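[1] build me a structure from this.
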Amino acid sequence: MKINSNKVNELAHLARLEFSEIEKNDIQNDLEKIIDFCDILRKVNTDGIEPLIYLSEEKNVLRKDEPIHSLSKVDALKNAPESDSDYFKVPKVITK
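    Numbers count the residues shown, from 1 in each chain. Next comes the predicted model:
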């Protein structure tokens, strides 16, 4: 399938991208190769083939999410550069 420069310009506009003429030519060639490859894949006979949902039969073994107290407030605040009773003090980043 042939991709023309108008299609590349349209895609660039939709993606809010700007390309030089050399880059547009490269993108046009790449898109043509991608579409040609997709056409080849469309011709492959997949009758009777189950869709591949997972790449392996492995299952994740997850632990139960149980809350535990691993660090006390005092221990957590020990390494803080600045703290105020129960809180970390950080520089102000939002101004009015």
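[2] separation between the residue sitting furthest away from the middle of the chain and residue 74?
    Largest separation from the mean C-alpha position in the chain: residue 85, at 39.5 Å (C-alpha atoms, centre = their mean). Per C-beta to C-beta, to the nearest Å, residue 85 is found 11 Å from residue 74. To be clear about C-beta, it is placed using only N, CA and C from the backbone, and glycine gets the same treatment.
[3] what segments of this protein are helices?
    Assigned by DSSP state H, the helices in the chain fall at 5-14, 21-42, 73-78.
[4] what does the shortest one rub up against?
    Spelled out, it's helix 73-78. Under the criterion C-beta atoms under 8 Å, 6 or more residues apart in numbering, residues 83, 86, 88 lie in contact with helix 73-78.
[5] now do the first one against residue 35, distance only.
    With the distance defined as C-beta to C-beta, residue 83 ends up 59 Å from residue 35.
[6] any chance of the helices of the chain in a markdown table, plus distance to residue 48, mean pLDDT and mean neighbour count?
    Shown next, in a markdown table, are the helices of the chain (distance: least, C-beta to C-beta, whole Å; pLDDT from 0 to 100; neighbours: other C-beta atoms under 10 Å):
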| stretch | distance to residue 48 | mean pLDDT | mean neighbour count |
| --- | --- | --- | --- |
| helix 5-14 | 36 | 94 | 12 |
| helix 21-42 | 17 | 95 | 12 |
| helix 73-78 | 59 | 84 | 12 |
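[7] which stretch among these comes nearest residue 94?
    Nearest of the helices of the chain to residue 94, taken as C-beta to C-beta: helix 73-78 at 23.1 Å.
[8] how far does that closest one sit from its chain's centre?
    Centroid separation for helix 73-78 versus its chain: 35 Å, with C-alpha atoms, centre = their mean, to the nearest Å.
[9] output it as PDB - backbone C-alpha positions only.
    The C-alpha coordinates for helix 73-78 follow below in PDB (Å, rounded to 0.1, in the frame of the first residue of the first chain):
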ATOM      1  CA  LYS A  73       6.900   7.100  63.000                       C
ATOM      2  CA  VAL A  74       9.900   7.800  65.200                       C
ATOM      3  CA  ASP A  75      12.100   5.500  63.200                       C
ATOM      4  CA  ALA A  76      10.800   6.900  59.900                       C
ATOM      5  CA  LEU A  77      11.500  10.500  61.000                       C
ATOM      6  CA  LYS A  78      15.000   9.800  62.200                       C
END
